[in-house]
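*Asks:* My questions are about this predicted structure, shown below with the sequence.
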Amino acid sequence: MDTAAYRFCPACATALAPITQMEDGGAKERWRCPACGFTHWNNPTPVLAAIVELDGKVLLARNAAWQHRMFALITGFMEAGESPEEGIRREIREETGLETLSLSLVGVHDFQRMNQVIITYHAQTQGQVQLSPELAEYKLLAPEQVRCWRAGTGLALAQWLRGRGLEPVFMDPPAA
């Protein structure tokens, strides 16, 4: 069981422990507070992603914090009070400076390794690319030049390509 998110109860500061209790689906072990009963549910976090299309090309960007020279979709987290559509429009604007003209839902994919659920949109955009400091560089590729990866947003990108009549080509993951 992953304790990375919580080690101590946010209500009373007691150390959390793996405690089994009966729930709707039967007995379930979760990190719980033995003092006050707080339960760390450890539910997946929703993440927004965009296949950004600018002038018929797909924009892929490299996060400045990544050690490998890997390019990926524009992603981010929703903020309180915004819809997924509002959130991805904001992320696109903040990270690339582009204006979103239209959005269409590509799909929803699980990303177990990060305990996330990724909601991916195709975004038609316009403007001049102006990267935020979060991103180091970008590429604009014709859809048939895009290479997919076998997890998370790479699977969404492959789904989008198939929807356009293109068979996705998958790349090998970077060496660790």
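*Replies:* Structure received.
*Asks:* Most distant residue from the centre of this protein?
*Replies:* Note on the chain: the largest C-alpha distance from the chain mean falls to Ala35, namely 34.9 Å (Cα atoms, centre = their mean).
*Asks:* Please name the residues that touch that residue.
*Replies:* With contact taken as Cβ atoms under 8 Å, 6 or more residues apart in numbering, Ala35 is in contact with 9, 12, 14. Quick note: C-beta positions are derived from backbone N, CA and C, even for glycine.
*Asks:* Which residue ranges of the protein form strands?
*Replies:* 17-23, 26-32, 39-40, 45-54, 57-63, 74-77, 99-111, 116-126, 135-141, 147-148, 169-170 (DSSP state E).
*Asks:* Show me the one of these that comes nearest Leu161.
*Replies:* If you check each of the strands of the chain against Leu161 by Cβ to Cβ, strand 147-148 wins as the nearest, at 7.2 Å.
*Asks:* Give me the pLDDT for Ala4.
*Replies:* Listed pLDDT for Ala4 reads 55.
*Asks:* returning to that earlier point: compare the contacts of Ala35 and tell me which is most surrounded.
*Replies:* Within those, most neighbours by other Cβ atoms under 10 Å means Cys9, with 21 neighbours.
*Asks:* Look up how far Ala15 lies from that one.
*Replies:* The gap separating Cys9 from Ala15 is 8 Å, by Cβ to Cβ, to the nearest Å.
*Asks:* Hmm, Leu16 is touching Pro10, no?
*Replies:* No - between Leu16 and Pro10 there is no contact under Cβ atoms under 8 Å: 9.6 Å.
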